[in-house]
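Peer 1: kindly generate the corresponding structure for this input.
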Amino acid sequence: MSMYRVTIQMPDGSQGEHHGRYLSGVDAALAALALFPQARRVQATWLAGEAL
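Peer 2: Have a look, this model is predicted:
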């Protein structure tokens, strides 16, 4: 598992950010979309050097 920073943007322009361990960036993005299905943008960024 690797560390990812997941950023979401909602339709009203508000943003949120979360750091967590995921198997892949796709898994990180899908987890965010499951929690915030109305999100306008989801970005998962791998944080190099933070592997478990």
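Peer 1: C-alpha only now, for contacts and for neighbours.
Peer 2: OK.
Peer 1: and the pLDDT at the residue located most distally from the centre of the chain?
Peer 2: For the chain, the largest distance from the centre (CA atoms, centre = their mean) belongs to D12, which lies 18.4 Å off. pLDDT recorded at D12 is 97.
Peer 1: what's the answer for M1, then?
Peer 2: 89.
Peer 1: and it, how close does it get to L33?
Peer 2: Computed as CA to CA, to the nearest Å, the M1 to L33 distance reads 19 Å.
Peer 1: who's more crowded, those two?
Peer 2: Legend: neighbour count by other CA atoms under 10 Å for M1 and L33, higher for L33 (16 against 11).
Peer 1: still on that earlier bit, and the residue farthest from the centre of the chain, its phi and psi?
Peer 2: Here the main-chain torsion angles of D12 (degrees, to the nearest 10) amount to phi -80, psi 0.
Peer 1: and the gap between it and L47?
Peer 2: Using CA to CA, we find D12 at a distance of 28 Å from L47.
Peer 1: quick one: the helices in the protein, in order.
Peer 2: Counting by DSSP state H, the chain has these helices, from start to end: 25-35.
Peer 1: residue ranges with poor pLDDT in it?
Peer 2: In the predicted model, the chain carries pLDDT under 70 at residues 50-52.
Peer 1: ok, which stretches of it are strands?
Peer 2: Using DSSP state E, the strands of the chain run over residues 2-9, 15-22, 41-46.
Peer 1: okay, now the sheet partners of the first one, with direction.
Peer 2: Sheet pairing for strand 2-9, assigned by DSSP bridges, gives strand 15-22 (antiparallel), strand 41-46 (antiparallel).
Peer 1: buried residues in that strand?
Peer 2: By neighbour count, and taking 16 or more other CA atoms under 10 Å as the criterion, the buried residues in strand 2-9 are 2-9.
Peer 1: quick one: it to chain centroid distance?
Peer 2: Shown here is strand 2-9, whose average C-alpha point lies 3 Å from the average C-alpha point of the whole chain (CA atoms, centre = their mean, to the nearest Å).
Peer 1: still on that earlier bit, give me whichever of the strands paired with strand 2-9 is most buried.
Peer 2: Mean neighbour count, computed with mean count of other CA atoms under 10 Å, is highest for strand 41-46 among the strands paired with strand 2-9, reaching a mean of 18.
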